[in-house]
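Enquirer: sequence and predicted structure, then a few things I'm wondering about:
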Amino acid sequence: MKTLVLMTAMLILVFAGCSSPARRSEPAAAAMPKERAFKGIELYCWQAEGVWHFALLPGTNGMKPESMVKSASLTLAQVEQRFAEYPEGECIFWSSRPGFGRPDSAIVQRLETAAHKSTLYFTTP
């Protein structure tokens with residue numbers, strides 16, 4: 001009987017130790033490195049009512065519907081923030097398809113500077 005109690009106590013300790021989060025060797029989610037997008041990130045720009053809008057979407061081989069792009073609208077400040085969050089070396093490809101435009105040189109310079117600060121590969125049309 002004493003042996004059974006000891007074995008039960010040992011099993012409880014072993015299972016408790018295995019399931020304890022503090023004893024796991026996995027890195028915390030925040031410490032895990034971010035992976036780059038498989039086909040880079042596509043940057044879209046368009047002007048509506050005198051205001052420039054932007055969208056950052058995962059790169060694909062297909063053409064995204066205009067409604068999909070415009071539903072992901074971001075401000076210039078939000079794009080700059082996203083650039084800072086992407087992993088080093090991420091590829092940002094500026095889409096130059098019909099229906100989308102290119103803002104003035106001051107805005108382009110801000111985007112280039114933000115990409116450079118975040119060590120991103122940034123292409124402009």
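Expert: That came through fine.
Enquirer: quick one: least confident helix or strand in the chain?
Expert: helix 2-19 (a mean of 38; mean pLDDT, DSSP states H and E).
Enquirer: hang on, Ser73 packs against Leu56?
Expert: No. With contact defined as CB atoms under 8 Å, Ser73 and Leu56 do not form a contacting pair (10.4 Å). All C-beta spots, glycine's among them, are computed from the backbone N, C-alpha and C.
Enquirer: quick one, which of those two is more surrounded?
Expert: Neighbours were counted for Ser73 and for Leu56 using other CB atoms under 10 Å; Leu56 has more, 18 against 14.
Enquirer: contact partners of the strand or helix carrying that one?
Expert: Taking DSSP states H and E as the criterion, Leu56 maps to strand 51-58. Here strand 51-58 makes contact (CB atoms under 8 Å, 6 or more residues apart in numbering) with 37-39, 41-47, 64, 68-70, 72-76, 78-79, 82, 92, 103, 107.
Enquirer: hang on, the earlier thing: after the least confident helix or strand of the chain comes which helix or strand?
Expert: Next along from helix 2-19, by DSSP H and E: strand 41-48.
Enquirer: quick one: contacts for the most centrally placed residue in the chain?
Expert: Residue closest to the mean C-alpha point of the chain, counted by CA atoms, centre = their mean, is Tyr86 at 5.2 Å. Residues in contact with Tyr86 (CB under 8 Å, 6+ apart) are Lys34, Arg36, Ile41, Ile92, Ser118, Leu120.
Enquirer: ok, Ala84 - how many residues close by?
Expert: 12.
Enquirer: the one helix or strand it maps to vs strand 51-58, what angle?
Expert: Secondary structure from DSSP H and E places Ala84 in helix 76-85. Put simply, helix 76-85 runs at 30 degrees to strand 51-58, going by axes from the mean of the first three to the mean of the last three CA atoms, to 10 degrees.
Enquirer: ok, Arg102 to Lys34 distance?
Expert: 28 Å (CB to CB, to the nearest Å).
Enquirer: tell me which of these two has more neighbours.
Expert: Set Arg102 next to Lys34 and count neighbours by other CB under 10 Å: Arg102 wins out with 15 against 10.
Enquirer: does that one touch Ser96 like I think?
Expert: Yes. Contact criterion CB under 8 Å: Arg102 and Ser96 qualify, at 7.2 Å.
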